[in-house]
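Asker: next come a sequence and a model predicted from it.
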Amino acid sequence: MFELAVGLTERKHDVTVVTTFPGYNIAEGAALPKTHFSSIIKESGVKVIRVWTLPFHNVGPIARGIGQLALTLSITGGGLLAGAIDAILVYSPPLTIGVAALFLSRIKRAPYVLNVQDLFPQNAIDLGVLKGRLPIRFFEAMESWVYKHAALITVHSEANARHIRAKACASRRIEVVHNWVDLAEYPIGINGYTFRSKYGLDGAFVVLFAGVMGHAQDLDTVIEAAKILQLEERIAFLLVGDGVEKARLVRRVDELGLRNVRFLPFVSKEKYPELVAAADVGLVTLKKSMKTPVVPSKILGYMAAGRPCVASLNHESDANAIVKNAGCGITVPAGDPELLADAIRRLFQSQESLREMGHRGRQYAEVHFPKCVALDRYEQLLKSCLIQ
């Protein structure tokens, strides 16, 4: 979203972002703004309105639900400070931001475009996080309401579009706009030697997972795969990030006595390409219960850096098709540590395959996922909403 906002600003559009004060997924040593009820600043040419809200990350499910509902009021309040606007672009989850967009659309008399990244509440139902007939019906009604009033819905894959159409939204305008990667941040030949040296990884075969460590990511399977491979002295698992599951996962690794698994905190956006380049293989994992066709964006970072990936996902995920079509990695069924370990071992034993898969991934990203193509599409789609 940051890259989209800056990209549209560079194309001479006036962009205002309404968001919260950062309180989670923060890089180590990052300078944080002081938290007040609201603040307005300029960042990279973008007007940024930050609003205070209740926490809804790294908290229990009840607190998360309350926090997301409160977010509707916070974002609506911030939007009222934005002045005159022509169009609203909002992403889900959390779905409650879509409700805020709907309110602002009525108040500002401006159409809103809903970008659906994860299919909520279905993903929460699949994970067992959202339970009970009344809560499920409440959020399903919210989902239908938000979809119904959007001028346009964008999704990042065809299967996501089919899912939304099946939710009685066939009359809605739904467009597929693939997520993108800024290839300029991953120059050809980028290496992670400095990162490897800093963390004592010289000579190691680094298997990387970087991102949110939540209920969906199935890092228990990764840890079990590490247990299977613990006698392979050169293979090192690097788990970088934070989330509600991290503390439990750290305890689990300690209980198993695994010396081939290391945890690190989030790195900054600027340092992320170097982190990925320091890896030999990137991991993309989701729980077996996740039936929605999500495409984790970390795949695109691996491709841009020329690193192959191992995807442990259900067959419903469109990410499997991307990996297979690009020839940039190996796909295995979700929740199977034996198959995951075997895939990692095969790549470890074939350096030539690593290079070939990495090269193919980079080429595929250059053709299918450049930032300029997605910016063109969003610019066109937003303009089309204004002339309806």
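Answerer: Right, received. Where do you want to start?

Asker: what residue lies at the spatial centre of the chain?
Answerer: When CA atoms, centre = their mean is applied to the chain, the residue found nearest the centroid is S297 (5.1 Å).

Asker: who touches that residue in this structure?
Answerer: Applying CB atoms under 8 Å, 6 or more residues apart in numbering to S297 gives the contacts 179, 181. C-beta here means a position set from N, CA and C on the backbone, and glycine is covered the same way.

Asker: got the contact list for the spatially closest residue to A277 that is not a sequence neighbour?
Answerer: For A277, ignoring the flanking residues on the chain, the nearest one in space by CB to CB, 6 or more residues apart in numbering is G192 at 3.9 Å. Contact analysis of G192 by CB under 8 Å, 6+ apart lists 274-279.

Asker: from those, which is closest to S197?
Answerer: A278 (9.4 Å; CB to CB).

Asker: ok, the closest one - how many residues close by?
Answerer: By the criterion of other CB atoms under 10 Å, A278 has 24 neighbours.

Asker: so how far is the helix or strand harbouring C385 from its chain's centroid?
Answerer: For C385, the host element (DSSP states H and E) is helix 371-386. Between the centre of helix 371-386 and the centre of its chain there are 21 Å (CA atoms, centre = their mean, to the nearest Å).

Asker: so which elements touch that helix?
Answerer: helix 2-10, strand 112-116, strand 152-155 (3 or more CB pairs under 8 Å, 6 or more residues apart in numbering; DSSP states H and E).

Asker: after the last one comes which helix or strand?
Answerer: Next helix or strand after strand 152-155 toward the C-terminus (DSSP H and E): helix 158-164.

Asker: which of the residues in that next one are buried?
Answerer: Neighbour counts over helix 158-164 (16 or more other CB atoms under 10 Å) mark 159-161, 163-164 as buried.

Asker: also stretch 329-344?
Answerer: 329-332, 334-337, 339-344.

Asker: number of residues surrounding P93?
Answerer: So P93, with other CB under 10 Å, has 16 neighbours.

Asker: give the contact list for it.
Answerer: Counting by CB under 8 Å, 6+ apart, P93 makes contact with 117-118, 120, 123.

Asker: can you tell me which of these lies nearest to L231?
Answerer: N123 (36.2 Å).

Asker: if I look at the closest residue to S353 other than its chain neighbours, how far off is A341?
Answerer: Closest residue in space to S353, ignoring its immediate chain neighbours: L347 at 6.2 Å, by CB to CB, 6+ apart. For L347, the distance to A341 (CB to CB, to the nearest Å) stands at 11 Å.

Asker: do M303 as well
Answerer: 23 Å.

Asker: and F237, by the same measure?
Answerer: Using CB to CB, F237 is found at 11 Å from A341.

Asker: identify the contacts common to these two.
Answerer: Between them, F237 and A341 share the contacting residues A225, judged by CB under 8 Å, 6+ apart.

Asker: longest helix of the protein?
Answerer: With secondary structure taken from DSSP state H, the chain has its longest helix at helix 61-80.

Asker: who are the packing partners of the helix or strand of the chain with the lowest mean pLDDT?
Answerer: Least confident helix or strand of the chain, by mean pLDDT, DSSP states H and E, is strand 38-43 with a mean of 75. Strand 38-43 makes packing contacts with strand 46-51 when contacts are defined by 3+ CB pairs under 8 Å, 6+ apart.

Asker: one more pass at 10 Å, please.
Answerer: helix 2-10, strand 16-20, strand 46-51, helix 61-80 (3 or more CB pairs under 10 Å, 6 or more residues apart in numbering; DSSP states H and E).
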